[in-house]
Each structure stands twice: as structure tokens, then as C-alpha cells.
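Student: next input, structure requested:
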Amino acid sequence: MSDTAPALDPVPVGTMPDGCPILEARLEGDGLAVAVLSLGAVLRRLDVHGRPMVLGRDDPQDYVARTPQCGAIVGRFANRIAGGRFTLDGTTYALPRNEAGRTHLHGGSQGFSRRKWRFAQVGERSLTLAYRAADGEEGYPGALDVACTYAITGPGTLRITLTATTDAPTLVNLTNHSYFNLLLPQAGFPAPTIDDHVIEIPAESYLPVDEGQIPTGAIAPVAGTRFDLRRPTRIGAEAFDHAFVLGRETAPEPRPVGRVTAAGSDVALTVLATAPAVQFYDGTHLAKAGLGYAARSAFCLEPEAYPDAPNHPGFPSAVVRPGETYRQIIEYRFTKETAR
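Tutor: Okay, the predicted model is just below:
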């Protein structure tokens, strides 16, 4: 593979429910091959030296309704909002409760992950998609202009830059929801479990949750608990769907938020981000999607704001106001690892 291959103009690969085409654009270079859909700004393909690293569907139509946000940009608020309600500047807003009828998850049943994005720019090493969320969409106040840039920035490195501006005070919490497995076969399917993956998250605290996966409001130390992943730890059969605290503020530049290796793989993944937290999810519910994936056949590391932030005064704010620009950077960095 050459260091940089010419970008391909977006091509139709499927159809949206309204009859509009689903477009796909591709980037190649520095050992990476990337494919992105206009549907949900989905990262459909991320190969490292010809080997798949993320779950991706051969049929783009699967992304219209069936996939659990595989590779999508999720928003307007990633993760959960308890009871589908929050109060902002004295006004209480009701959101769709699309998880078990009690919780607002990943911005709603459509969110940003099943919307039609527009390719605003496609270059040799980067592409940008844009989406305008209407005032009141999924119950949120304010029209929101969102941009997502995927860029190959160096050897084995894919950077995602997310920005948003609003015309009224609103919540913004965006992330990429790719499912990773460093042991995927060449065809990408079937995927083995992630039990033999080894993870490291440099977080001293995490957010305990209740039975509905809603933060209790506490910020608890990881020391002495199974959530202490500050040293490389085999995932094994442990269950994870928790936010790890990286700080109270958005960092000015991406910092390491997680590193993963796997026995039998010569590739290591380091995730860097500017977000104050990262959600580590073990893919327990993948089998419920009806797509042939087994439970725990991939994991997610989702840099984001604190879950349910608007309902916990002690959590950092996720409010964005007119004149402000929301900005979040995520980097997936793949390096050579001695296979074990």
C-alpha cells in the first residue's frame, strides 16, 4: 500500500428510508484503509495493513435500523439521560425514552446515528461530513450544526474531530461508537470474543451506576476494585459498561484514555481523546441485534462527557450556548506489538 492513495469520490451503496442514497467515501494511507457512510457518519471500515479492526456490515442497509450504533457518530447526547428528562435554564425538556421505556440513550431512537449526513469535503487524507439537527429534534432545544472530520494524520493514526454550534442553549455530547476486536478474521466475521484482550485505562476514578446503568452521582476511586485498569488487565469474563473519569475539563489536546492488546495479535490500539470521560463497554448486548454477532465479540471505548451530566450538579456541564463551539477530538492509534 502506498503512503497516500487518491481519495475516491463518494459513491452510492444503499438507500435511506426516504429514498435518498447512502453514500460512501474512502481514505487510504499510512497503513490504514477507511470507509465512511453518509448514514450516521458511520465508520464502516477501519483496516490496518489489510486487517479489519472494527465490526462492519457488508450490507449498508443493515445500518438503517438494525445495528447498535456500529461505527456511528452518536448524539445529540451520547450515553444515557435518566428518565429522558433534563432541566436547562429553568425549562424542563422531555426526551424519547428509547431504552427499556425508561432511559434516553444515545440521543434517541434516531439520534445522529440514523440521520443523513452530507459530505462537505473529501480530500486525499481527510473527509468532513456535516449535519444540521433541527430545533426540537428528539426533544432537544436549539438548532445544532455539527461537523465530523475523519483524517489520517500519521502512521496507523485516524483522528476524528467533532465540532458543533447552536442557536440556543442545549446539550452536546458526541462520540464515535465503533466496536473493536483486534482478533477479527480477514473477512471480519465471525468475531471471536474479547476475553483474551488486555486493557489499560489511566483513570483513578469511575462513575458507579444503578441497575439501569444510570450514574448514582458518586465519583468513586478505582483503587481496590475491579475497575482499577491502570495496569494492563485481561478483560476475561468481567462485565463492563461504565464511564471512567479522566478529569473535570475537556483537555486542549488528545491524551491517552485507553490501550488494548490481545493475545495472538501483533497490533495494539491506543485511544486518545480530549473528553473528560471514556465509556468502556464490553459488547454484552451485541447478540440482541440479530446480526449474527456473539455477545462480547467486540468492545467500545467511547470518549465523552459524564453520562447523565445534566441531572447531576456535581458533574461537569455538557451545556453549549450560542457563540460557543463544542469540540471533541478522538484518535485511534495502531502500533506494532510483539504477538504473545
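
Student: CA atoms for contacts and neighbours, from now on please.
Tutor: Will do.

Student: residue 64 falls within a helix, correct?
Tutor: Yes. Under DSSP: H, G, I helix; E, B strand; the rest coil, residue 64 sits within a helix.

Student: would you enumerate the residues in contact with the nearest residue to it once chain neighbours are set aside?
Tutor: Using C-alpha to C-alpha, 6 or more residues apart in numbering and skipping the chain neighbours, the partner closest in space to residue 64 is residue 114 (6.1 Å). By C-alpha atoms under 8 Å, 6 or more residues apart in numbering, residue 114 lies in contact with 39-40, 63-65.

Student: report the separation between the residue in the chain sticking out farthest from the centre and residue 102.
Tutor: The C-alpha centroid of the chain is most remote from residue 90, which lies 30.4 Å away (C-alpha atoms, centre = their mean). Per C-alpha to C-alpha, to the nearest Å, residue 90 is found 23 Å from residue 102.

Student: equivalent analysis for residue 278, please.
Tutor: 23 Å.

Student: of those two, which one has the most company?
Tutor: Between residue 278 and residue 102, counted using other C-alpha atoms under 10 Å, the more crowded position is residue 278 (29 against 14).

Student: tell me what that one is bridged to.
Tutor: With DSSP bridges as the criterion, residue 278 is bridged to residue 244, residue 303.

Student: would you confirm that it contacts residue 303?
Tutor: Yes. Look at residue 278 against residue 303 with C-alpha atoms under 8 Å: they come within range, at 4.1 Å.

Student: residue 126 against residue 27, yeah?
Tutor: Yes. The criterion here is C-alpha under 8 Å, and residue 126 meets it with residue 27 at 7.0 Å.

Student: need the overlap of contacts for these two.
Tutor: residue 152.

Student: when the two are compared, which one has more neighbours?
Tutor: Neighbour count, other C-alpha under 10 Å: between residue 126 and residue 27, residue 27 has more, with 25 against 20.

Student: that one against residue 44, yeah?
Tutor: No. Residue 27 is beyond contact range of residue 44, at 11.8 Å (criterion: C-alpha under 8 Å).

Student: shared neighbours, the two?
Tutor: Common contacts of residue 27 and residue 44 (C-alpha under 8 Å, 6+ apart): 34-35.

Student: sketch out the low-pLDDT regions of the stretch 151-300 of the chain for me.
Tutor: Residues of the stretch 151-300 of the chain meeting the criterion pLDDT under 70: 188.

Student: hmm, I typed the wrong one, I wanted the stretch 1-150 of the chain.
Tutor: Residues of the stretch 1-150 of the chain that meet the cut-off, pLDDT under 70, sit at 1-7.

Student: quick one: the strands in it, in order.
Tutor: All strands of the stretch 1-150 of the chain, identified by DSSP state E, counting those that start in this stretch, fall at 4-15, 21-29, 32-37, 43-48, 51-52, 73-74, 80-82, 85-88, 91-94, 103-105, 118-122, 126-133, 144-154.

Student: for residue 184, which of those strands is the nearest?
Tutor: Ranking these by their distance to residue 184 (criterion: C-alpha to C-alpha) puts strand 51-52 first, at 6.3 Å.

Student: tell me what that closest one is packed against?
Tutor: Taking 3 or more C-alpha pairs under 8 Å, 6 or more residues apart in numbering; DSSP states H and E as contact, there are no helices or strands that strand 51-52 lies on.

Student: that one pairs with which strands, parallel or anti?
Tutor: Strand 51-52 pairs in its sheet with strand 43-48 (antiparallel), by DSSP bridges.

Student: can you pull the buried residues of the strand it pairs with?
Tutor: 43-48 (16 or more other C-alpha atoms under 10 Å).

Student: and for stretch 323-337?
Tutor: 326-334.

Student: got the contact list for it?
Tutor: With C-alpha under 8 Å, 6+ apart as the test, stretch 323-337 has contacts from 48, 155-166, 172, 174-175, 253-254, 261, 265-275, 303, 320.

Student: and it, average pLDDT?
Tutor: Predicted confidence along stretch 323-337 averages 98 (mean pLDDT).

Student: looking at the buried residues of strand 43-48, which is nearest residue 292?
Tutor: Looking across those and measuring by C-alpha to C-alpha, the closest to residue 292 is residue 44, at 16.8 Å.

Student: please report how far that closest one lies from residue 102.
Tutor: Taking C-alpha to C-alpha as the measure, residue 44 falls 30 Å from residue 102.

Student: can you verify my assumption that residue 113 contacts residue 69?
Tutor: Yes. Counting by C-alpha under 8 Å, residue 113 touches residue 69, with 6.2 Å between them.

Student: of these two, which one has the most company?
Tutor: More neighbours surround residue 113 than the other of residue 113 and residue 69, with 31 against 23 (other C-alpha under 10 Å).

Student: what is in contact with residue 278 and residue 303 at once?
Tutor: Among the neighbours of residue 278, those also in contact with residue 303 (C-alpha under 8 Å, 6+ apart) are residue 257.

Student: just to revisit the earlier point, quick one: the residue farthest from the centre of the chain from residue 169, how far?
Tutor: To residue 169, residue 90 is 12 Å away according to C-alpha to C-alpha.

Student: what residues are up against the residue farthest from the centre of the chain?
Tutor: Not one residue lies near residue 90 by C-alpha under 8 Å, 6+ apart.
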